[in-house]
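Engineer: Turn this into a structure:
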Amino acid sequence: TGMKPSRHGIVDFVVSARDTGALIPVTSAMRRVPALWNVLSRQDVGVDVVAWWASWPAEPVLGRIVSDRVAFQLFDQAAQDWKSADPDKARGKTSPADLFPEILPMIKAPSEVTDAEVTPYLGPPRGGAGLTAEQADLVRQFRTVVAAGQTYHAIARHLLRQPAGSAAGPHVSLFYYEGPDTASHLFMRDRPPLLPGVNPEDAALFGAVVDRYYETQDRYLGDIVTDAGPDATVIVVSDHGFKSGDDRPADSDPRIDRGKAAEWHSPIGVLAMAGPDVRRGADLEAASILDVTPTILALLGLPAARDMDGQPLTEAFTPEFARARPVAWIDSYGGAKADDDETLVASAGDDELVEKLRSIGYIGDERLTAQNNRGLIALDEGDVDGAIAHFEGALAKGAGTAEIRLNLARAYFQKGDLVKARGTAEALLRQDPRAKQAEVTLAVIDIKEGRLPEAEARLRRALAVDPNLQLAHTKLGEVLQKQGHDDAALTEFERSVAISPLSPIEHNHIGNLHRKHGRLPQAMQAYRDAIRADPRYAGAYNNLGLCLQEQGKLAEAEALYQKALAIRPENAVLHNSVATLRALQGRQEEALAETEKALAADPDWPVAAGNKATLLFELGRFADARPAFEHWVQVEPDAIEGRLGWALTLLASGQPQDAAMQFQEVLKRDPGNLRAHVALGETYLRSGDLPRAQEQLEAAVKTGEPVPRAWNSLGEVYSRRGMTDQAAAAFRKSLAIDPKQPDIRARLAGGR
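Structural biologist: As a prediction, the model looks like this:
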């Protein structure tokens, strides 16, 4: 329950969006119910409780809306008259406007919250006696949380009990409870275990507030479930979690006005579902908030839209429902647009409220948050230049916040302009030597430039500031792994997973390290953990499939590859893995087709280029293999196997001189390459150049590798040059390696 999904209050239909730095008017956004679902899916919006009944009316009826203007708890509004019946002051609080008088008796102002209602949340000393000024102010702010929670819960229950409307069909209600999030921002720092820098008296007084408020929220949820009735479907969802244990930032304060509140959010949120059509006891493993709207649509029997980023969580449905109501699809529900003749009238107090929202960064004008948010959206969509323009525009207009500078540095990095990225991050670090995110950004730049010791030092400095900085642990693990310190790298990845267990990348890193050192069971478990953390993380499916492939479980491996391809159909790595599987099955032509798909996705990937060339060679298609090997060498000039394959292809195509040149190129790069020495020696042997053949084959046997063919070819050279004793010795060496060579044994016998 209860983090901070939307900016509007609660009942019947509630929707808001951080779009261009302004709140979308809920009344205009709700003119068409399908537009609601589109906005919920495409914007940064969440809800806490959704309840509905069995079927959907042909003409949906717009419900009643109560906004967070009724009891807005994020700011200090105790001095405001929440219960004023003045129409000007009430404008915009509800839709329709005449709903406000109906709910007015349910509004509880902070001043009406008694000490007896507050003290159960507190430890000693209780009440207002003996508190410091800061402690007393926190208690006063908490009264607002209590008042708002009681107010909205009373309104929620009241409206939930009202008839759904004249049209037959389900009643859909969306309730938002902000209390758990606000209580966490106020008091999570004081929760045990004691954080460094926290006053023990504050911890004793406020350490239990968050837990006790969650108990209150649980009671609220129980009331909603009871009121909704046994035929309702209920979803509880949050758009993020809150760091509450050892993962809490040790160097920052979660309070909204302290500047680093967002650091306390966790990507691990809550999703719980129950109802007649929900499979009891089902484990979704992991889901995204973007999946909520398509899932609701599917449960209502409405089609999901292909332009929604999420997917219906069909694994949550009962088999009976899934068979009877298979998911349908449409291209799009379109957008929300106000009627042309509609005039939007500002509500009383709008200016003050917007200024308060702007002051803590939830909304902003062209100077601040709007520009930053647009930059982040552009960056996410791959428009790096557009993102840079937005970030630089915000800075040019005076919004010199650390967050915007960091985003600008990251945008420069993504563009490949490492000089500007470094300069921007270094400037931020000069302003604040404890700017841990700037250290991490600079470390990422150092990694890109191959400056691994510098990157390691920066990451350790960031972790000295905040030992729970998850990204720093991950990047430090990557640096240590690149330096060959696998055990230390594994420790860092495990620390990262302990902080954020649903981040699949670190589980995948752990799996790769175990696999590298032959610990296949541990590797496979790590890959399974990555899939559990994110069922759409295709890389873990691929790596787990490779492990199964090594165990000879080809059917299981293929099932994983196909599942991953359903997620990432154009992924080159996945197609290449299928190619290796097909080759193991002896289905070379199909393997070749998969390498073609891999190269279509990534034409310059050396692994796929090499596999294609190798397959063509094995199939005897030397005319096609030659340009394939040439391409492999082009994209990976130092690829020994590529040059060796190219040379062997030339040899098989009847071009010994060109082949000899490529064998020589191999030996320039790898002077001890046995196969190149043998192949080049045999090429000279066939052409009659016995001295050079002898030179190459003697170099081959000096490598010490036990290869009978090298000794046999060298014995042939000695024999042709009249070096009988040396030839016999070479053949005996060959037989010592492999006694099952009747031709060589007969040759020795004939020689005697």
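Engineer: Backbone torsions only: list them for the spatially most central residue of the chain.
Structural biologist: Residue closest to the mean C-alpha point of the chain, counted by CA atoms, centre = their mean, is S503 at 6.7 Å. Per-residue torsions, S503: phi -100, psi 110 (degrees, to the nearest 10).
Engineer: Check S252 too.
Structural biologist: Dihedral pair for S252: phi -140, psi 170, per degrees, to the nearest 10.
Engineer: measure the nearest residue to it once chain neighbours are set aside to L379 for me?
Structural biologist: Counting by CB to CB, 6 or more residues apart in numbering, the nearest residue to S252 once its immediate chain neighbours are dropped is K260, at 3.7 Å. For the C-beta atoms, the positions are set from N, CA and C on the backbone; glycine is no exception. Taking CB to CB, to the nearest Å as the measure, K260 and L379 are separated by 21 Å.
Engineer: More neighbours: which of the two?
Structural biologist: More crowded of K260 and L379, by other CB atoms under 10 Å: L379, with 20 against 14.
Engineer: so what secondary structure elements neighbour the helix or strand harbouring the more buried one?
Structural biologist: Element membership for L379, per DSSP states H and E: helix 369-380. Using 3 or more CB pairs under 8 Å, 6 or more residues apart in numbering; DSSP states H and E as the contact criterion, the neighbours of helix 369-380 among helices and strands are helix 384-396, helix 402-415.
Engineer: would you turn those into a markdown table with mean neighbour count and mean pLDDT?
Structural biologist: Written out in a markdown table, the entries for the helices and strands packed on helix 369-380 read as follows (neighbours: other CB atoms under 10 Å; pLDDT from 0 to 100):
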| stretch | mean neighbour count | mean pLDDT |
| --- | --- | --- |
| helix 384-396 | 20 | 88 |
| helix 402-415 | 21 | 90 |
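Engineer: among those helices, which is nearest G672?
Structural biologist: Set against G672 and scored by CB to CB, those come closest in helix 402-415, at 40.1 Å.
Engineer: Taking helix 402-415 as reference, get the angle to whichever helix or strand comes after that closest one.
Structural biologist: Toward the C-terminal end, the helix or strand that comes next after helix 402-415 (DSSP H and E) is helix 418-431. Between the axes of helix 418-431 and helix 402-415, defined by axes from the mean of the first three to the mean of the last three CA atoms, to 10 degrees, the angle is 160 degrees.
Engineer: What's the mean pLDDT across helix 418-431?
Structural biologist: Averaging pLDDT along helix 418-431 gives 94.
Engineer: Next one: the residue nearest to S252 relative to A421, how far apart?
Structural biologist: According to CB to CB, K260 and A421 sit 22 Å apart.
Engineer: which parts of stretch 689-705 are buried?
Structural biologist: Neighbour counts over stretch 689-705 (16 or more other CB atoms under 10 Å) mark 690, 692-701 as buried.
Engineer: between those residues, which is closest to I445?
Structural biologist: Nearest to I445 among the buried residues of stretch 689-705 is A699, at 44.6 Å by CB to CB.
Engineer: Doesn't the closest one belong to a helix?
Structural biologist: Yes: counting by DSSP: H, G, I helix; E, B strand; the rest coil, A699 is found in a helix.
Engineer: what's the helix or strand for the residue nearest to it when sequence neighbours are not counted?
Structural biologist: Computed as CB to CB, 6+ apart, the closest residue to A699 that is not its neighbour in sequence is H677, at 4.8 Å. With elements taken from DSSP H and E, the one containing H677 is helix 674-687.
Engineer: just checking, what packs against that helix?
Structural biologist: Other helices and strands packing on helix 674-687, by 3+ CB pairs under 8 Å, 6+ apart, are helix 640-652, helix 656-669, helix 690-702, helix 708-720.
Engineer: and it, which residues are buried?
Structural biologist: Going through helix 674-687 with 16+ other CB under 10 Å, the ones that come out buried are 674-685.
Engineer: Show the average pLDDT along it.
Structural biologist: 93.
Engineer: same thing with stretch 708-715?
Structural biologist: 94.
Engineer: Show me the contact partners of it.
Structural biologist: Where contact means CB atoms under 8 Å, 6 or more residues apart in numbering, the residues beyond stretch 708-715 that reach it are 674, 677-678, 681-682, 685, 693-694, 697-698, 700-701, 726-728, 730-731, 733-735, 737-738, 741, 744.
Engineer: Let's see that with 7 Å instead.
Structural biologist: Identification of contacts with stretch 708-715 by CB atoms under 7 Å, 6 or more residues apart in numbering yields 674, 678, 681-682, 685, 697-698, 700-701, 727, 730-731, 733-734, 737-738, 741, 744.
Engineer: related to what we said a few turns ago, so who does the residue nearest to the centre of the chain touch?
Structural biologist: With the criterion set at CB under 7 Å, 6+ apart, S503 makes contact with A533.
Engineer: Which secondary structure element of this structure has the lowest mean pLDDT?
Structural biologist: Of all the helices and strands that make up the chain, the one with the lowest confidence by mean pLDDT, DSSP states H and E is helix 26-29; it has a mean of 26.
Engineer: so where do the strands sit in this protein?
Structural biologist: Using DSSP state E, the strands found in the chain span residues 49-52, 65-66, 94-95, 173-175, 233-237, 241-242, 265-266, 271-274, 304-305, 329-330.
Engineer: so which of those strands gets nearest R536?
Structural biologist: strand 271-274 (15.0 Å).
Engineer: mind listing what the closest one pairs with, with the direction of each?
Structural biologist: Each strand paired with strand 271-274, and its direction, by DSSP bridges: strand 233-237 (antiparallel).
Engineer: Please state the mean pLDDT value computed over the strand it pairs with.
Structural biologist: 93.
Engineer: Same question for stretch 545-554.
Structural biologist: The pLDDT scores in stretch 545-554 average 94.
Engineer: now swap in stretch 735-752 and tell me
Structural biologist: The pLDDT scores in stretch 735-752 average 87.
Engineer: Send me it as PDB with only the CA atoms.
Structural biologist: Coordinates of the C-alpha atoms in stretch 735-752 are reproduced here as PDB (Å, rounded to 0.1, in the frame of the first residue of the first chain):
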ATOM      1  CA  LEU A 735      52.900 -43.200 -32.700                       C
ATOM      2  CA  ALA A 736      53.700 -42.400 -29.100                       C
ATOM      3  CA  ILE A 737      50.900 -39.900 -29.100                       C
ATOM      4  CA  ASP A 738      48.500 -42.100 -31.000                       C
ATOM      5  CA  PRO A 739      49.400 -45.800 -31.400                       C
ATOM      6  CA  LYS A 740      46.400 -46.500 -33.600                       C
ATOM      7  CA  GLN A 741      48.000 -45.400 -36.900                       C
ATOM      8  CA  PRO A 742      48.600 -48.500 -39.000                       C
ATOM      9  CA  ASP A 743      49.800 -46.600 -42.000                       C
ATOM     10  CA  ILE A 744      52.600 -44.900 -40.000                       C
ATOM     11  CA  ARG A 745      53.500 -48.200 -38.200                       C
ATOM     12  CA  ALA A 746      53.700 -49.900 -41.600                       C
ATOM     13  CA  ARG A 747      55.900 -47.100 -42.900                       C
ATOM     14  CA  LEU A 748      58.300 -47.500 -40.100                       C
ATOM     15  CA  ALA A 749      58.400 -51.200 -40.600                       C
ATOM     16  CA  GLY A 750      59.000 -50.900 -44.300                       C
ATOM     17  CA  GLY A 751      61.800 -48.400 -43.600                       C
ATOM     18  CA  ARG A 752      63.600 -50.900 -41.400                       C
END
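Engineer: neighbours around L290, how many?
Structural biologist: By other CB under 10 Å, the residues close to L290 number 14.
Engineer: since we're on the nearest residue to it once chain neighbours are set aside, how many residues are nearby?
Structural biologist: The shortest distance from L290 to any residue that is not its chain neighbour, by CB to CB, 6+ apart, is 3.3 Å, and that residue is G310. Per other CB under 10 Å, the neighbour tally for G310 reads 18.
Engineer: my read: G310 touches I296, true?
Structural biologist: No: counting by CB atoms under 7 Å, G310 stays clear of I296, with 10.3 Å between them.
Engineer: still on that earlier bit, now do the helix holding L379 against helix 402-415, angle only.
Structural biologist: In this structure, helix 369-380 runs at an angle of 20 degrees to helix 402-415, with the same axes, to 10 degrees as the basis.
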